[in-house]
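**Student:** here is a sequence with its predicted model. Questions after.
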Amino acid sequence: MRHRKDHRKLSRTAAHRRSLLRNLTTSLFQHERIETTLAKAKETRRLAERMITFAKRGDLAARRHVARFVVRPAVAAKLFHTIAPWYAERNGGYTRIIRLGSRLGDAGETAYLELIKSEEQREKERQERMSAEEAKEKALKAGAPGKKAKAGAAEGEKPKPGKRHERESGVTAPSRKRTRTGVKTG
């Protein structure tokens, strides 16, 4: 029986486990969403929510506690200045685990661990993505005639190695598919 044993050991020594969880927590705050195994996600969630609670407090002792745990100082600053204000009125439940299924190689159950965002934040990010996509399309349309002109002027130049097949035949290499036994082409 596992009475009074409150955390998963993850088949690692104490130092390795602490290092792993610190890195996962730092990555979660940096990227706001990570993919890992379900057991690691559940353990990381415990520590990440504690760090967010410390960041919400915001006093000197909390800053020192978080700085000792989070690996990168820039990520700790992001936690205090960006992430903590998101949850000012929320009492816990800052993260979400979304199960993805089994991994192909070892059948380990994988999951996303992500920070929960409000409707306003999601709408703002959606608008930013849409404006970035529109700017990209405009740049592509404006850059298309320039590319042809550059290609015509560059005909006398020496071609780059490794691009011969792509230029001459117009056919690219076959795509790679991931199957149960590994990566196959075709």
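**Tutor:** Now that the structure is in, tell me what you want to look at.

**Student:** where does the chain dip in pLDDT?
**Tutor:** When residues are selected by pLDDT under 70, those of the chain lie in 145-186.

**Student:** neighbours of Lys78, just the number please.
**Tutor:** 17 (other C-beta atoms under 10 Å). From N, CA and C alone the C-beta is placed, and that goes for glycine too.

**Student:** surely it forms part of a helix?
**Tutor:** Yes. Looking at Lys78 with DSSP: H, G, I helix; E, B strand; the rest coil, it is inside a helix.

**Student:** which residue packs closest to it, ignoring adjacent ones?
**Tutor:** Excluding the flanking residues, the one nearest Lys78 by C-beta to C-beta, 6 or more residues apart in numbering is Phe29, at 6.3 Å.

**Student:** just to be sure, the one you found is in a helix?
**Tutor:** Yes. Phe29 forms part of a helix when assessed by three-state DSSP.

**Student:** how far away is it from Thr37?
**Tutor:** From Phe29 across to Thr37, the span is 19 Å (C-beta to C-beta, to the nearest Å).

**Student:** which of these two has more residues huddled nearby?
**Tutor:** Phe29 (23 against 16).

**Student:** I figured the more buried one hits His81, correct?
**Tutor:** No. Phe29 lies out of contact with His81 (C-beta atoms under 8 Å); the separation is 11.5 Å.
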